[in-house]
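Enquirer: sequence below, structure please.
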Amino acid sequence: MNMRALVIEKPGTAVVKSMSIPPVGAHDVLIKVEASGICGTDIHIYRGEYLGDYPVIPGHEFAGTVERVGAEVTRFNVGDRVAIEPNISCDNCESCLNNRQNFCLDWQGVGVTLSGGMAEYAVVPEKAAFSIGTLPFAVGSFVEPLSCVLHGVERARIRLADKVLILGAGPIGLLLAQTIALQGAKEITQVDKNMHRLKMARQNGAQHVEQSLDALPHDFYDVVVDASGSIFLMEQTIRFVRKGGTILLFGVPPQEVTFSLPAFTFFEKGLYLLSSYTSVRNSIQAVGLLEAGRLDVSDLISHRLPLEEFTKGIDILEKGADQVMKVVIMP
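Expert: The predicted model follows:
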């Protein structure tokens, strides 16, 4: 039995092919993919700028229906609605044994080093799947990015009544705003050049929005979060954080690029400087918050495209066209 799949054969070349549905191991589940979000990582793989084995079926943010289960699977039955955690840890290396599965020494990634969800079907280990109950599949595709956001917010140590600045108001920035609001922040300020995104930011937890850094007070915010990955914005965070405050670098910067901070200012302010890499056991939290309605991601989806328009989706995202937010592929 065959399926249609989007294959990145090499950097810059992606084609839809007919291929055999992958075999299901004893501890695996076969998922009929219903929605698969395009992430910045997918774009980096397509451009040849990031981790990735070629050829590869990309897509690590996806949800669908269990089509088949392996002989040793106990948590799922055919017909169950699931989303996935794409980071596959070995659970036996030094990092895993110290609950640092995101730094697993034998890491594998669905949609990165393993076949992913830009296809009609995908196989994942049972331990990588999570029930989404009755959540819409497109909403379920947010489980992975939301789990990463939850990990970052946990690391940022946001306290009740904190004043928080978020640089960037793309889908991740808006997920951060919603989650930080749940933490009890007094006020959230969000900065982006795109007026449509700032309008969305107001609807997703930000009390104040600005198009320019010049409008922001210096030495004011308890926590400053970069959600853009822009080297320029990463370097600006130190201007706006208060003494003793926290900077969280969350956005993914380009590889092999350096950024600089004024050393004496960093020393004098006594800052916490943090980064956040993927997630650690946060998927079940993500599902729970979505199921409870504490977070709403439905308005973040701006485009739903077929497999054949994967590269069109990348083009829209890179150009910031058509009031784009999240592009979801519907295989």
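Enquirer: can we go C-alpha only for contacts and neighbour counts from here?
Expert: OK.
Enquirer: how close does residue 199 sit to residue 217?
Expert: Distance from residue 199 to residue 217, counting by Cα to Cα, to the nearest Å: 21 Å.
Enquirer: longest helix anywhere in this structure?
Expert: helix 143-156 (DSSP state H).
Enquirer: helix/strand/coil for residue 299?
Expert: Following DSSP: H, G, I helix; E, B strand; the rest coil, residue 299 is assigned to helix.
Enquirer: can you get me a residue count around it?
Expert: The number of residues packed around residue 299, counting by other Cα atoms under 10 Å, is 13.
Enquirer: and for residue 165?
Expert: 27.
Enquirer: now residue 225: how far from residue 40?
Expert: From residue 225 to residue 40 the distance is 18 Å (Cα to Cα).
Enquirer: quick one: what helix or strand has residue 63 in it?
Expert: strand 61-69 (DSSP states H and E).
Enquirer: now do that strand: which elements does it pack against?
Expert: Here strand 61-69 touches strand 28-37, strand 81-84, helix 137-140, helix 143-156, going by 3 or more Cα pairs under 8 Å, 6 or more residues apart in numbering; DSSP states H and E.
Enquirer: am I right that residue 289 is in a strand?
Expert: No - read with three-state DSSP, residue 289 is helix and lies in no strand.
Enquirer: got a list of what it touches?
Expert: The contact partners of residue 289, taken as Cα atoms under 8 Å, 6 or more residues apart in numbering, are residue 295.
Enquirer: need the pLDDT of it.
Expert: Note for residue 289: predicted pLDDT of 97.
Enquirer: one more: the one 10 residues further on?
Expert: With respect to pLDDT, residue 299 scores 93.
Enquirer: cool, and residue 281?
Expert: 87.
Enquirer: same question, residue 52
Expert: On the pLDDT scale, residue 52 gets 67.
Enquirer: got it, and residue 30?
Expert: 98.
Enquirer: that one contacts residue 120, doesn't it?
Expert: No - at 10.4 Å, residue 30 and residue 120 do not qualify as touching, with contact defined as Cα atoms under 8 Å.
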